[in-house]
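based on what follows, work out the 3D shape:
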Amino acid sequence: MIEVRDLNVRFGKVHAVRGASFTVAEGESFGLVGESGSGKSTVLRALAGLVTGWTGSMSMAGCALGRRRDAAFHRAVQMVFQDPYGSLHPRQTVDRILSEPLIVHRIPDADQRIARALEEVALPRAVRFRFPHQLSGGQRQRVAVARALIAGPSVLLLDEPTSALDATVQAEVLNLLADLRAARRLTCILVSHNLAVVAHLCTRLAVMQQGEIVETLDEAALRGGRATHPHTKELIALSRDLDGTG
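Just a heads-up that it's a prediction; the model follows:
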């Protein structure tokens, strides 16, 4: 479904992504993990078409991606951002926020689709006519997920979708994403600095450091402690220390 080859991204003199290559199969959930500044979110934004100054090659479902993306791409590929408050318009109700993708993509039956979208992300009907500031952080992120899914995408790009939430709400949102991915057979890429979060949702992951992918592991290799790169081993040790299993 997704193929990235020798992706390079520069911001002035900063070489943010250095020769990144990976593939993601249809229906697979793939993780990009690394510390802040490792280039993982830049890879995601280049895939989404939000970063245009890149070299290399990227393709989606066998079609090469250029600098500009058409409406069909933006309907098929949706992104959930890190900050659920910043990504939602503060002066729009949830109803308006969820209506916008339907208007842009000319999708009919808005009323039924919005009601179904709220039900899918386990939000009560009363939320529909509230503003973002009237919702909790977890509810805001559920609205962001509903907005991403309402047009029926096949690919979901998740940029640190739970890092702004407390631990309990984080687990709820991760479980919701896992259920939605399975139900809709979505292809997902999840970016996070938290190895435990990535391991919860992804069957394979790539570890990034200073703009480079230094190691790729599957779930079995990760849980079996078969990492070979020193940075991956550091992330695993940190993850175990944080959850008290180390």
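
going by C-alpha atoms from here, please, whenever you check contacts or count neighbours.
Noted.

mind listing the helices for the chain?
With DSSP state H as the criterion, the chain has helices at 40-48, 71-76, 94-104, 110-120, 137-149, 167-184, 195-201, 219-223, 230-243.

dig out what the residue minimising distance to the centre of the chain forms beta bridges with.
For the chain, the residue nearest the mean C-alpha position is Leu158 (0.7 Å; CA atoms, centre = their mean). Legend: beta-bridge partners of Leu158 under DSSP bridges are Val80, Leu190.

elements contacting the worst-scoring helix or strand of the chain on mean pLDDT?
Here the helix or strand of the chain ranked lowest by mean pLDDT, DSSP states H and E is helix 230-243, holding a mean of 74. Taking 3 or more CA pairs under 8 Å, 6 or more residues apart in numbering; DSSP states H and E as contact, the helices and strands that helix 230-243 lies on are helix 195-201.

ok, 10 Å please
The helices and strands touching helix 230-243, judged by 3 or more CA pairs under 10 Å, 6 or more residues apart in numbering; DSSP states H and E, are helix 195-201, strand 204-209, strand 212-218, helix 219-223.

and that helix, how far out from the chain middle?
The chain centroid and the centroid of helix 230-243 are separated by 22 Å under CA atoms, centre = their mean, to the nearest Å.

circling back: tell me which of the helices and strands packed on helix 230-243 is the most buried.
Highest mean neighbour count among those (mean count of other CA atoms under 10 Å): strand 204-209, with a mean of 23.

from the contact counts, what lies against that one?
Against strand 204-209 (3+ CA pairs under 10 Å, 6+ apart) you get strand 14-24, strand 29-33, helix 40-48, strand 187-192, helix 195-201, strand 212-218, helix 219-223, helix 230-243.

and it, which strands flank it?
Sheet pairing for strand 204-209, using DSSP bridges, gives strand 29-33 (parallel), strand 212-218 (antiparallel).

can you list those strands in a markdown table and add distance to Ser87 and mean pLDDT?
Formatted as a markdown table, those follow (distance: least, CA to CA, whole Å; pLDDT from 0 to 100):
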| stretch | distance to Ser87 | mean pLDDT |
| --- | --- | --- |
| strand 29-33 | 21 | 95 |
| strand 212-218 | 28 | 94 |
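
quick one: closest of these to Leu135.
Evaluated over these, closeness to Leu135 peaks at strand 29-33, with 28.6 Å, by CA to CA.

on that earlier part again, okay, the strands paired with strand 204-209 in CSV with distance to Asn175 next?
Below are the strands paired with strand 204-209 laid out as CSV (distance: least, CA to CA, whole Å):
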stretch, distance to Asn175
strand 29-33, 13
strand 212-218, 20
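
what's the closest of the ones you listed to His229?
Comparing these by CA to CA, strand 212-218 comes nearest, at 6.5 Å.

can you tell me which of the strands paired with strand 204-209 is nearest to Ile236?
The nearest among the strands paired with strand 204-209, by CA to CA, is strand 29-33 at 11.0 Å.

can you tell me which of the helices and strands packed on helix 230-243 the model trusts least?
Set side by side, those give their lowest mean pLDDT on helix 219-223, at a mean of 83.

list the helices and strands that helix packs on?
helix 195-201, strand 204-209, helix 230-243.
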